[in-house]
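Undergrad: what's the 3D shape of this:
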Amino acid sequence: MEKHRCGWCVGDPLYEEYHDLEWGVPVKDDATLFEFLILETFQAGLSWITILRKRENFRQALDDFDYRKIANYNEDKIAELLQNPGIIRNKLKVRATVSNAQAFMEAQKEFGSFSDYIWDFVDGKPIKNTWKNYKDAPATTTLSDVISKDLKKRGFKFVGSTVIYAHMQATGMVNDHEITCFRYHEV
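TA: Numbering: from 1, shown residues only. Reported below is the predicted structural model:
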C-alpha cells in the first residue's frame with residue numbers, strides 16, 4: 001500500500017526523500033539548525049526544490065555549513081562564492097550568510113547554544129498543528145513574526161517571518177504535516 005504524504009512533495013523523488021526523512025523532525029543540533037537557516041535564507045523568493053537540488057553544492061562551497069569558518073570569510077572568499085555556478089549567486093544573500101554566522105555565534109554565547117535560544121520560543125517542544133491539506137498551513141504566524149523580529153534585532157539578515165516559519169517547519173519546531181500523512185505521528 002502506498003504511503004500517504006503531504007501533497008507538496010508528491011511526485012519528485014528528492015522532495016519525497018526530504019519530506020520522509022527530514023522535514024518536520026525536531027532539530028536541536030546547532031550545526032543542523034544553522035544549515036537550515038542558511039538554506040532557508042537562500043530560498044527566499046525561490047522554490048525549496050531549487051535549494052534542495054543545490055544543497056550539496058552549498059555544502060561544498062560553504063565548508064560543510066561550518067558557521068565558525070563562514071563567520072571569518074573575507075572579500076576573496078565572498079567573490080569566489082559569487083562566481084560559483086552551483087549555488088545561488090546573490091550578493092546580499094552571500095553576505096548575509098557571513099553576518100548570520102557571526103550573529104549565530106553571538107546567540108550561542110548569550111544562550112549557551114542557538115538551539116536553546118530558538119527552541120525557547122516554543123517552550124522546547126514542537127507545536128502540533130492539524131492541517132487536512134498542506135495548503136491550509138499559513139506562510140507566517142504571530143510567533144514567526146516575533147522570532148523574525150528578535151533575530152533581526154540580533155543582526156540576522158534575510159530572516160523575515162516567512163523564512164522563519166519555513167525554518168520552524170523544516171526543523172520540527174512546528175509539525176505541519178497533513179494529519180493523514182504517515183509522518184504526522186512519527187515526528
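
Undergrad: which parts of the protein are helices?
TA: When secondary structure is read from DSSP state H, the chain shows helices at 13-21, 30-43, 48-61, 67-70, 75-82, 91-111, 114-119, 142-153, 161-170.

Undergrad: just send the ones you listed back as a markdown table, with distance to residue 127, mean neighbour count and mean pLDDT too.
TA: From N, CA and C alone the C-beta is placed, and that goes for glycine too. Rendered in a markdown table, the data for the helices of the chain read as follows (distance: least, Cβ to Cβ, whole Å; neighbours: other Cβ atoms under 10 Å; pLDDT from 0 to 100):
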| stretch | distance to residue 127 | mean neighbour count | mean pLDDT |
| --- | --- | --- | --- |
| helix 13-21 | 19 | 14 | 96 |
| helix 30-43 | 17 | 22 | 97 |
| helix 48-61 | 20 | 16 | 97 |
| helix 67-70 | 26 | 18 | 98 |
| helix 75-82 | 35 | 13 | 98 |
| helix 91-111 | 20 | 18 | 98 |
| helix 114-119 | 11 | 20 | 98 |
| helix 142-153 | 8 | 16 | 98 |
| helix 161-170 | 8 | 23 | 97 |
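
Undergrad: and these as CSV, adding distance to residue 132?
TA: Converted to CSV, those look like this (distance: least, Cβ to Cβ, whole Å):
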stretch, distance to residue 132
helix 13-21, 17
helix 30-43, 25
helix 48-61, 21
helix 67-70, 38
helix 75-82, 42
helix 91-111, 34
helix 114-119, 27
helix 142-153, 21
helix 161-170, 16
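
Undergrad: can you say which of the ones you listed is nearest to residue 3?
TA: Set against residue 3 and scored by Cβ to Cβ, those come closest in helix 13-21, at 8.1 Å.

Undergrad: which strands and helices lie in contact with that closest one?
TA: On a contact count with 3 or more Cβ pairs under 8 Å, 6 or more residues apart in numbering; DSSP states H and E, helix 13-21 meets helix 48-61.

Undergrad: tilt between the helix it packs on and helix 91-111?
TA: Taking axes from the mean of the first three to the mean of the last three Cα atoms, to 10 degrees, one finds helix 48-61 and helix 91-111 inclined to each other by 70 degrees.
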